[in-house]
Each structure stands twice: as C-alpha cells, then as structure tokens.
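Chemist: build me a model:
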Amino acid sequence: MIDGLPQDHTARSTSTGRAPLIVGLAYAVCVSTIGCGETRVDELAGELESVNANTRYQAARSLDALGDEAVEAVGALTRALDDESPKVRYRAAKTLAKIGLQAAPAVNALTARLQDDDANVRYYAAKALKEIGPQSAPAVEALTAAIKDEDPKVRYYAVRAIRSIGAEAESAIPALRKAIKDKDEKVRRAAIKALKDFEP
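Modeler: Residues are numbered from 1 along each chain as shown. Down below sits the predicted model:
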C-alpha cells in the first residue's frame, strides 16, 4: 500500500468492537446476497444512468463492492467515467481496476480520465490501465505524460501501467529514465523495475 493512497469510507466499527457496519442501503442489499447475481448487477448498472446524483453514486459504490463480479456492468461503468460527479467517476474507475483484464473495452475512456481534474480519478484510471495490462497499449502516450503528474500516486501507477503493457510501451523509456530521479521513492523504485524489463 502506498502512503497517502485514497481511502474508502464504506465501513465503520462500533464502540463495542462488533464487525464493521456497512453504510448504504444499496451496498447492504448487494452484499447480503450471494454474489448479488447478474440481475442485481444489471439493476445497479441501470441506476448509474439515474438523473439523481446520489443514486448514481450509491450504484457506483455498490458495484465497487462487487469488484470483478461487476464485469457485466463494464459498459455502464465506462459511461460513468464521464459523470459530472468526481465521486462517481472515481468509483467507476476503481471498479474497472478491480475487474481488470475484462475491463479492456474501457481503455479509451480510462485514458481520457488521466487528465481528470480530480486526482483520485486520475489515480484509479492509471491503476485500471495497469490491471488491464497489454491491452492498455493505446494509452501509452497519455501514461507517459502522466509520469509527470503532480500527484505521486498517479505517477506511480502510470509507471506501473507502462510496465504492465510491455514491449508496446517502449516509447516511454526516456520518461522512465527521468522517473528514476523522481522525488518520490516509490515512483523511483517502480521506474527502476520497469526499466529492467525494457533494458535487461
């Protein structure tokens, strides 16, 4: 875990030491069923299109809780990356990161979010592209630019995403060489590891 990464606040502990209480009706309904089922995922995907901002956020949060079980909602999550609310956008990007390889159809939309005004959105977009791996090749140019992001968490995952893409990201080597001098230690280490893959 990187120091300072965005933290989720979906749970809290009671003063009696009981198990964390899950906040949010949609989340509670979802996790109380085994895998939620495809029908529930479809319902949540539909709620991402709601005109009510809170409904969209709750749906995004519930899909986030499902992780890779939300794969059927990739299309809706991709569209949610353009939501007016940064909270919805970052939850959508985070869920796509959990889905991983099967979120490949979202590569172009995730690439665009690397320039989002919200650092959490940029962070999760870079992380999602890293999890998608080689199929994120169309994002190489944007990821290379993200190595210079003002937020070290974004720079870190931009480097890791480039490494996960592999040979098709060789154009990023000059940027990686500069990144080994980054002021953030984790970025430097990630860049060194990436360069070892490209220049064994």
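Chemist: in stretch 97-112, what's buried?
Modeler: Within stretch 97-112, the residues scored as buried using 16 or more other Cβ atoms under 10 Å are 97-100, 102-104, 106-107, 109-111. All C-beta spots, glycine's among them, are computed from the backbone N, C-alpha and C.
Chemist: of those, which pair is most distant in space?
Modeler: 98 and 111 (18.3 Å; Cβ to Cβ).
Chemist: okay, the buried residues of stretch 97-112 in a markdown table with pLDDT next?
Modeler: Converted to a markdown table, the buried residues of stretch 97-112 look like this (pLDDT from 0 to 100):
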| residue | pLDDT |
| --- | --- |
| 97 | 95 |
| 98 | 94 |
| 99 | 95 |
| 100 | 94 |
| 102 | 96 |
| 103 | 97 |
| 104 | 97 |
| 106 | 98 |
| 107 | 98 |
| 109 | 98 |
| 110 | 98 |
| 111 | 98 |
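Chemist: mind putting the residues you listed in JSON lines, secondary structure and distance to residue 143 included?
Modeler: Formatted as JSON lines, the buried residues of stretch 97-112 follow (DSSP: H, G, I helix; E, B strand; the rest coil; distance: Cβ to Cβ, whole Å):
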{"residue": "97", "secondary structure": "helix", "distance to residue 143": "14"}
{"residue": "98", "secondary structure": "helix", "distance to residue 143": "19"}
{"residue": "99", "secondary structure": "helix", "distance to residue 143": "19"}
{"residue": "100", "secondary structure": "helix", "distance to residue 143": "17"}
{"residue": "102", "secondary structure": "helix", "distance to residue 143": "20"}
{"residue": "103", "secondary structure": "helix", "distance to residue 143": "16"}
{"residue": "104", "secondary structure": "helix", "distance to residue 143": "15"}
{"residue": "106", "secondary structure": "helix", "distance to residue 143": "15"}
{"residue": "107", "secondary structure": "helix", "distance to residue 143": "11"}
{"residue": "109", "secondary structure": "helix", "distance to residue 143": "14"}
{"residue": "110", "secondary structure": "helix", "distance to residue 143": "10"}
{"residue": "111", "secondary structure": "helix", "distance to residue 143": "8"}
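Chemist: residue 157 and residue 51, how far apart?
Modeler: 33 Å (Cβ to Cβ, to the nearest Å).
Chemist: the two: who's more crowded?
Modeler: residue 157 (31 against 6; other Cβ atoms under 10 Å).
Chemist: tell me the pLDDT of the closest residue to that one other than its chain neighbours.
Modeler: Nearest non-adjacent residue to residue 157, counting by Cβ to Cβ, 6 or more residues apart in numbering: residue 126, 3.7 Å away. At residue 126, the model reports a pLDDT of 98.
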